[in-house]
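Enquirer: Sharing a sequence plus its predicted fold:
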Amino acid sequence: QQPVQSPQAVILREGEDAVINCSSSKALYSVHWYRQKHGEAPVFLMILLKGGEQKGHEKISASFNEKKQQSSLYLTASQLSYSGTYFCGTEKAYNAGNMLTFGGGTRLMVKP
Amino acid sequence: KAGVTQTPRYLIKTRGQQVTLSCSPISGHRSVSWYQQTPGQGLQFLFEYFSETQRNKGNFPGRFSGRQFSNSRSEMNVSTLELGDSALYLCASRETTYEQYFGPGTRLTVT
């Protein structure tokens, strides 16, 4: 079952902040965040692991609530380059192989 | 390191034909996964190969198959193409349990 992302779309002005959420009904081992621009491949942003470990780009922050199986991606002081579709991908178990289940995506548009 | 590469980037095929797509992972990455992306279904997992063995498989018909070679390069094959197979096919490679990196994708159009 795929994770649920919210909101489905958001429009921001440059400099504004946004939060994108990802919820799963199943226990998760990790949550991955990607950004995809039109016509391009998804670009890795952040991985959050059960137990609190995180790895990702310096300017990106995210959280993972293991009790609620929810993750949030925080975009602060947005820039035009932040525009794109954001996907969360989830994994249920450690070392179960590389098999991510992706949410439906959140479209983000940043306007000048 | 060079990124994940996929060939060809674009393909146009006719219903009933078959197609083979290729993926070269980042050097040192032994896990290669394939995903199908369509506007209606989003990003869906096809299968994953690790050390030449299929380790995971998504919910796709048997017309979709793949393999991995000893140098970690992977191919996926779709036989008896249907119009609904038109999609962006993405390959991703991964070294350990951390991040995975996507290739640019192959845009397949079935007419």
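Expert: Perfect, thanks for sending it.

Enquirer: Work out for me the element the residue most central in space within chain B sits within.
Expert: What sits nearest the mean C-alpha location of chain B, by CA atoms, centre = their mean, is B:Trp34, with 3.5 Å. B:Trp34 belongs to strand B:31-38 when assigned by DSSP states H and E.

Enquirer: Can you tell me what sits against that strand?
Expert: Strand B:31-38 is touched from outside by A:97-100, A:102, B:23, B:25, B:43-50, B:55-56, B:60, B:66, B:68, B:72-74, B:76, B:86-95, B:100, B:102, B:105, with contacts defined as CB atoms under 8 Å, 6 or more residues apart in numbering or on different chains. In this view, the C-beta of every residue, glycine as well, is placed from N, C-alpha and C.

Enquirer: Walking through chain B, point out its strands one by one.
Expert: For chain B, the strands defined by DSSP state E occupy B:5-7, B:10-13, B:19-24, B:31-38, B:42-50, B:53-57, B:64-68, B:74-78, B:87-94, B:100-102, B:106-110.

Enquirer: wait, I meant chain A
Expert: Using DSSP E, strands in chain A cover A:4-6, A:9-13, A:18-23, A:30-36, A:43-49, A:54-56, A:61-65, A:70-75, A:84-91, A:101-102, A:106-111.

Enquirer: Report whether the first one contacts chain B.
Expert: No. Strand A:4-6 is not in contact with chain B by CB under 8 Å from any CB of the partner chain; minimum separation 10.0 Å.

Enquirer: which one of the strands of chain A has the lowest average pLDDT?
Expert: Of all the strands of chain A, strand A:54-56 carries the lowest average pLDDT, namely a mean of 84.

Enquirer: ok, which residues in chain A are in contact with chain B?
Expert: Residues of chain A lying near chain B (CB under 8 Å from any CB): A:2, A:30, A:32, A:34, A:40-44, A:47, A:49, A:55-56, A:87, A:89, A:94-105.

Enquirer: Centroid-nearest residue for chain A?
Expert: Closest-to-mean residue, chain A, CA atoms, centre = their mean: A:Trp33 / 3.5 Å.

Enquirer: How much space separates A:Thr90 from chain B?
Expert: Here A:Thr90 is placed at a distance of 11 Å from chain B (CB to the nearest CB, to the nearest Å).

Enquirer: Now stretch B:64-84: buried residues?
Expert: Judged by neighbour count (16 or more other CB atoms under 10 Å in any protein chain shown), stretch B:64-84 contains these buried residues: B:Phe64, B:Ser65, B:Gly66, B:Gln68, B:Ser72, B:Arg73, B:Ser74, B:Glu75, B:Met76, B:Val78, B:Leu81.

Enquirer: An error on my part: the question was meant for stretch B:92-111.
Expert: Buried residues in stretch B:92-111 (16+ other CB under 10 Å): B:92-94, B:97, B:99-108, B:110.

Enquirer: Check what pLDDT residue 76 gets.
Expert: In the absence of a named chain, chain A is used. For A:Thr76, pLDDT reads 92.

Enquirer: wrong chain, I was asking about chain B
Expert: At B:Met76, pLDDT is 98.

Enquirer: ok, now which ones touch it?
Expert: Neighbours of B:Met76 in contact, by CB under 8 Å, 6+ apart: B:Thr20, B:Leu21, B:Cys23, B:Trp34, B:Leu46, B:Phe47, B:Phe64, B:Ser65, B:Gly66, B:Tyr89, B:Cys91.
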